[in-house]
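Participant: The sequence and its predicted three-dimensional model are supplied below.
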Amino acid sequence: MSSDGTEPELIDLYQKPDKIHPRSFQGRYRNLRLAGGTLLFILFFATCWLNVNGRQAVLFDLPARQFHIFGTTFWPQDFVLLCLLLIICAFGLFALTVLAGRIWCGYACPQSVFSWVFIWVERITEGERNQRMKLDKQPMSAAKLLRKTAKHLLWLSIAFLTALTFVGYFIPVRQLAGDIAALNVDPWGIFWLAFFTLATYGNAGYLREQVCIYMCPYARFQSVMFDNDTLVVAYDDSRGEPRGKRSKNTDYKAKGLGECIDCSICVQVCPTGIDIRNGLQYQCIGCAACIDACDTVMEKMGYPPGLVRYTTARELSGDKIRWLRPRLLGYCAALLVMTSLLIVTLNQRAMLELEVLRDRNVLFRVIDNNRVENVYVLKIVNKDHQPQYLQIQLSGPEGATIAGKTSIVVQPSAVAQEIVRVTAPLTNGGPAAQTIRFTIVSSQLEPASADSRFIMPSGSSYE
């Protein structure tokens with residue numbers, strides 16, 4: 001009981017959020033997002049069907065531990081390249097965030113792109129915003145069931161095509177599509193197809209803004225990266241306040257009103273359901289839907305556009321934007337350094353790799369009381385798309401020779417293992433272990449070398 005005798009208000013922290021029904025709108029930023037989303041969809045859905053040199057252009061063959069990307073094969077030994085690529089993506093995202101806020105979220109994030117597609121499906125099956133809200137409140141009927149069924153079938157179809165494409169980057173997509181047509185998909189294939197279908201269906205159809213607000217860490221740490229010169233979607237209080245409804249021909253200045261007519265359309269089009277007039281909020285994904293909607297209203301009222309616009313806190317306070325600033329320059333410099341390092345590493349990437357393993361079952365074997373034999377396993381990786389005819393060369397203990405063949409053929413993008421027996425003269429009083437180096441030489445690629453140890457009997461002689 002409070003001091004005034006009234007019961008305190010109880011707030012349910014776990015209450016179900018109200019469903020957001022975004023309103024349709026037009027505008028230049030919507031067209032830009034549509035063009036960008038179309039390009040991303042074409043890249044995602046079409047790339048896995050391309051072939052390069054008789055192989056799927058992009059294929060992550062996990063069982064074979066090979067990653068084929070547009071004619072180049074990468075191996076687990078190239079893990080450093082993946083690390084560099086991830087660091088580049090991180091610094092690129094940091095620089096983009098400092099410059100333009102959450103523009104990635106609004107225009108290119110898969111969660112946002114698929115959510116807009118699912119909202120479009122909802123619109124063509126259930127109608128515009130008011131019709132959808134009215135339909136949700138109606139009791140179930142044949143017409144409602146038909147609309148809901150059509151919506152969910154389209155959602156599931158898009159989700160399944162998305163899952164098929166995504167899994168097709170790990171299992172050859174033509175083989176996968178043929179197995180599906182023949183109802184002969186292996187259990188793991190069925191599992192991953194079902195998993196990604198349900199994930200897409202749930203995230204884009206039901207969770208939507210909840211993923212952006214509660215599940216994505218980007219919404220939480222973005223404020224740490226923003227500064228007064230970061231481009232954000234903002235409402236110009238100096239122009240809009242005090243807000244109030246009026247007709248088009250009303251002299252709003254004579255009534256002491258600002259340019260905001262309090263139509264709330266900026267709230268109705270927002271995919272996360274916020275009111276941008278309340279200031280920058282972490283729920284804002286920078287999609288500029290409110291800018292397009294407000295500019296349309298301003299045009300109808302005969303007011304200049306830009307009441308809601310991309311701007312900065314410094315510009316809203318009347319100062320000039322500083323585009324070049326230490327934080328942004330630092331991220332760009334780090335991005336340039338890491339990109340250069342990736343290019344250099346790619347250019348210096350060895351196409352032949354050699355690993356030498358000693359036979360640990362028998363350290364050595366004495367032959368005819370005058371020579372010592374060690375056995376090695378040579379593991380050779382050919383990253384090239386041509387077969388390699390290799391010569392095995394040896395350097396190490398004096399008089400050491402290879403007993404057996406000294407040449408090997410390694411097929412394209414393959415790993416070969418060769419057992420090599422090396423013999424050397426038995427020495428008196430020599431070291432028990434000496435360094436031995438194997439080198440594989442190709443007429444087309446740079447040679448590769450690896451060191452191991454050649455074990456001799458200890459002592460001055462062997463009986």
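Facilitator: Great, that's in hand.
Participant: what mean pLDDT would you report for the strand or helix carrying residue 434?
Facilitator: Per DSSP states H and E: residue 434 is located in strand 433-441. In this model, strand 433-441 has an average pLDDT of 94.
Participant: and for the next helix-or-strand element following that strand, what are the contacting residues?
Facilitator: Next helix or strand after strand 433-441 toward the C-terminus (DSSP H and E): strand 448-455. Strand 448-455 is contacted from outside by 350, 352-358, 363-364, 372, 374, 376, 380, 396-397, 400, 422, 424, 432-440, using Cβ atoms under 8 Å, 6 or more residues apart in numbering. For every residue, glycine as well, the C-beta is placed using N, CA and C.
Participant: Where does the prediction get shaky in the stretch 101-250 of the chain?
Facilitator: For the stretch 101-250 of the chain, no stretch is flagged by pLDDT under 70.
Participant: What segments of it are strands?
Facilitator: 232-235 (DSSP state E, counting those that start in this stretch).
Participant: And for residue 213, the neighbour number?
Facilitator: 19 (other Cβ atoms under 10 Å).
Participant: Going along the chain, name the helices of the stretch 251-400 of the chain.
Facilitator: 265-268, 289-301, 313-316, 326-347 (DSSP state H, counting those that start in this stretch).
Participant: What's the mean pLDDT across the third one?
Facilitator: Helix 313-316 carries an average pLDDT of 92.
Participant: That helix: which residues count as buried?
Facilitator: 313, 315-316 (16 or more other Cβ atoms under 10 Å).
Participant: okay, those in a markdown table with distance to residue 246 next?
Facilitator: Listed next are the buried residues of helix 313-316 as a markdown table, based on distance: Cβ to Cβ, whole Å:
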| residue | distance to residue 246 |
| --- | --- |
| 313 | 29 |
| 315 | 27 |
| 316 | 24 |
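Participant: closest to residue 141 among those?
Facilitator: Nearest to residue 141 among those: residue 316, at 49.7 Å, using Cβ to Cβ.
Participant: Wait, that closest one touches residue 236, no?
Facilitator: Yes. Counting by Cβ atoms under 8 Å, residue 236 is a contact partner of residue 316 at 6.6 Å.
Participant: okay, now the closest residue to residue 325 other than its chain neighbours: neighbour count?
Facilitator: Closest residue to residue 325 apart from its sequence neighbours, by Cβ to Cβ, 6 or more residues apart in numbering: residue 229 at 6.0 Å. Residue neighbour count, defined by other Cβ under 10 Å, stands at 20 for residue 229.
Participant: what are the phi and psi angles of residue 229?
Facilitator: With angles defined as degrees, to the nearest 10, residue 229 sits at phi -110, psi 10.
Participant: how far away is it from residue 458?
Facilitator: 72 Å (Cβ to Cβ, to the nearest Å).
Participant: what separates the strand holding residue 434 from the chain centre, distance-wise?
Facilitator: Taking Cα atoms, centre = their mean, to the nearest Å, one finds the center of strand 433-441 at 42 Å from the center of the full chain.
Participant: Next: stretch 379-393.
Facilitator: On Cα atoms, centre = their mean, the centre of stretch 379-393 falls 33 Å from the chain's centre.
Participant: Other residues contacting it?
Facilitator: 53, 71, 73-75, 77, 349-357, 378, 402, 406-418, 420, 438-445, 448.
Participant: Quick check: buried residues in that stretch?
Facilitator: Here stretch 379-393 shows 380-385, 388, 390, 392 as buried, counting by 16+ other Cβ under 10 Å.
Participant: what's the average pLDDT for the strand or helix carrying residue 80?
Facilitator: Residue 80 is part of helix 79-100 when elements are defined by DSSP H and E. Across helix 79-100, the average pLDDT comes to 93.
Participant: Look up the pLDDT of the closest residue to residue 417 other than its chain neighbours for me, please.
Facilitator: Nearest non-adjacent residue to residue 417, counting by Cβ to Cβ, 6+ apart: residue 379, 5.4 Å away. Residue 379 carries a pLDDT score of 95 in this model.
Participant: same check, this time on residue 392
Facilitator: Confidence score, pLDDT, at residue 392: 95.
Participant: Please apply the same query to residue 348.
Facilitator: At residue 348, pLDDT is 89.
Participant: Then residue 7?
Facilitator: 64.
Participant: Give me the domain ranges for the chain.
Facilitator: Using automatic domain parsing, the domains assigned to the chain come out as 17-47+101-318, 352-455.
Participant: What's the end-to-end length of the first one?
Facilitator: Distances were taken as Cα to Cα, to the nearest Å; on that basis the terminal residues of domain 17-47+101-318 are 38 Å apart.
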